[in-house]
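Visitor: return a 3D structure for these sequence lines:
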Amino acid sequence: MEDFTTLKIKKGIANTFREFSRQLSKPQSEVLRAMLYFFEVNLISPYENLGPKLQRIGNKVDKRTDAIIAIMKSIEKSQNISLVNIETMLNSLFQEEVKKYDPKLLQTKSLDESKSKISKEKKGVSQIEFNRTRDKLLETKDRLRYILEQIEPVKNRLGKDYLRINIPREQLARFKQALKNE
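Guide: Numbers count the residues shown, from 1 in each chain. Predicted coordinates for the structure are as follows:
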């Protein structure tokens, strides 16, 4: 147990601090420790004016929220995923535990409708559809060939050897997106 010591504090400030400690239902030492910890962790000086700083933080949060909304709308339009599934994915991102997605979440909302339309329209494959599919296959093969050419083996002195892909992340993301859209 720690020993107690006295501080020279004006009577009015001491009474205000005691009242504040009572409101929090915590001992005065614990409240003072928590206050000091808060200032140290958040790099805040008690002599600073937080108005402009809080306004900037609020603006950042607003911009991020707007960006998330734009991403959700874009995903919903381009990938035909329902808003409920997107909300579920975002909620799982903000939870403390990381959960694996249920494959049902990633199903499109009109998959059955599109299958029934295709089967009703044509049972056979036309020459145009065949050519389009063949072109997509050739394009995918070219992408795969390009990726395979960018792979180089790396020898590791301390562990197992591994392969490195020399492709910028943005380009890899575009390849993945193109595969998803096909």
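
Visitor: domain ranges for this protein?
Guide: If you go by automatic domain parsing, the domain ranges for the chain are 11-48, 49-97, 125-182.

Visitor: got those domains as JSON lines, with mean pLDDT and distance to Thr5 columns?
Guide: For glycine as for every other residue, the C-beta is placed from the backbone atoms N, C-alpha and C. Conversion of those to JSON lines gives the following (pLDDT from 0 to 100; distance: least, CB to CB, whole Å):
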{"stretch": "domain 11-48", "mean pLDDT": "89", "distance to Thr5": "10"}
{"stretch": "domain 49-97", "mean pLDDT": "72", "distance to Thr5": "30"}
{"stretch": "domain 125-182", "mean pLDDT": "81", "distance to Thr5": "53"}
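
Visitor: mind checking which of these is nearest Phe4?
Guide: Closest to Phe4 of the domains of the chain is domain 11-48 (CB to CB; 8.0 Å).

Visitor: now the terminal residues of the closest one, how far apart.
Guide: 24 Å (CA to CA, to the nearest Å).

Visitor: give me the buried positions along that domain.
Guide: Using 16 or more other CB atoms under 10 Å as the test for burial, domain 11-48 gives Ser21, Val31.

Visitor: swap in stretch 65-79?
Guide: By neighbour count on 16+ other CB under 10 Å, the buried set for stretch 65-79 is Met72.

Visitor: so which other helices or strands are in contact with the longest helix along the chain?
Guide: Counting residues, the longest helix in the chain under DSSP state H turns out to be helix 51-79. Packing partners of helix 51-79 (3 or more CB pairs under 8 Å, 6 or more residues apart in numbering; DSSP states H and E): helix 83-94.

Visitor: how much space between Ile71 and Gln127?
Guide: Using CB to CB, to the nearest Å, one obtains 39 Å as the distance from Ile71 to Gln127.

Visitor: again with Ala67
Guide: As judged by CB to CB, Ala67 and Gln127 stand 44 Å apart.

Visitor: with Lys8 instead?
Guide: Counting by CB to CB, the gap from Lys8 to Gln127 is 94 Å.

Visitor: can you spell out which helices and strands pack onto the helix or strand containing Glu19?
Guide: Using DSSP states H and E, Glu19 maps to helix 11-24. Under the contact definition 3+ CB pairs under 8 Å, 6+ apart, helix 11-24 sits against helix 28-41.

Visitor: quick one: the helix it packs on to helix 11-24, angle?
Guide: 90 degrees (axes from the mean of the first three to the mean of the last three CA atoms, to 10 degrees).

Visitor: in three-state terms, label Ser45 for me.
Guide: Look at Ser45: counting by DSSP: H, G, I helix; E, B strand; the rest coil, its state is coil.

Visitor: my guess is it meets Phe38, correct?
Guide: No. Contact status for Ser45 versus Phe38: not in contact, 11.8 Å apart, counting by CB atoms under 8 Å.
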